[in-house]
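K.L.:
here is a sequence with its predicted model. Questions after.
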Amino acid sequence: TLLSRGASQTARVENTLVILKVIAILVFIFVGVTAIKGQNYVPFIPKYHANTDGSAFGGWQGIYAGVSEIFLAYIGFDSIAANSAEAKNPQKTMPRGILGSLFIAVFLFISVALVLVGMFRYSDYVNNAEPVGWALRQSGHEIIATIVQAVAVIGMFTALIGMMLAGSRLLYSFGRDGLLPKTLGKLSN
């Protein structure tokens, strides 16, 4: 429904949700820093051990396993490229947008991971589906945990909106180019 109302209205909603998500992440980082215990970083790369479910934990194998799990979090950058026709001066702005957002995402991912591990031992997060909320609640910040988790759930719609916008743009391009029925390549007013 939102996408059918137009790209500019969708962009406003998307931007608002992204700003809320970034604020929630920054709130977690700033509140979480107050609960960091230095001993949780020692050893910085703990010994490797395999879990009973076959997953790796600790050591370089655990790091590689973690990297492969968060890789999908970066998959949304292709939707930015799919919408390049909507950008002013895409040759200049698209690389800046993709690289800039990638840099910000990497910085936030690393910051959240460092704060989480600093708040509690890495092993406390095994099989924990909500590590950020759990860590905030365990350190006495229940209201902030609820707010951050609510924003995270609402913020999931940004990925959905971005993918649907990219998908509609691709259908339009395919229809315009004759790869799909021509009716998909027409814009409505």
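P.N.:
That came through, no problem. None of the values given here were measured: they were computed from a predicted structure. Numbering: from 1, shown residues only.

K.L.:
now do the contacts for the residue lying farthest from the centre of the chain.
P.N.:
The C-alpha centroid of the chain is most remote from K182, which lies 35.1 Å away (Cα atoms, centre = their mean). With contact set as Cβ atoms under 8 Å, 6 or more residues apart in numbering, K182 has these partners: G175, R176. Yep, even glycine has a C-beta here, placed from its N, CA and C like the rest.

K.L.:
can you give me the distance of it to L165?
P.N.:
The gap separating K182 from L165 is 21 Å, by Cβ to Cβ, to the nearest Å.

K.L.:
look up how far G175 lies from the residue farthest from the centre of the chain.
P.N.:
From K182 to G175 the distance is 6 Å (Cβ to Cβ).

K.L.:
still on that earlier bit, now do the phi/psi pair for the residue farthest from the centre of the chain.
P.N.:
Main-chain dihedrals, K182, degrees, to the nearest 10: phi -60, psi -30.

K.L.:
next: G6.
P.N.:
According to degrees, to the nearest 10, G6 has phi 120, psi 160.

K.L.:
assumed D53 was part of a helix.
P.N.:
No - applying DSSP: H, G, I helix; E, B strand; the rest coil, one finds D53 to be coil, outside a helix.

K.L.:
neighbours of it, how many?
P.N.:
Counted with other Cβ atoms under 10 Å, residues neighbouring D53 total 7.
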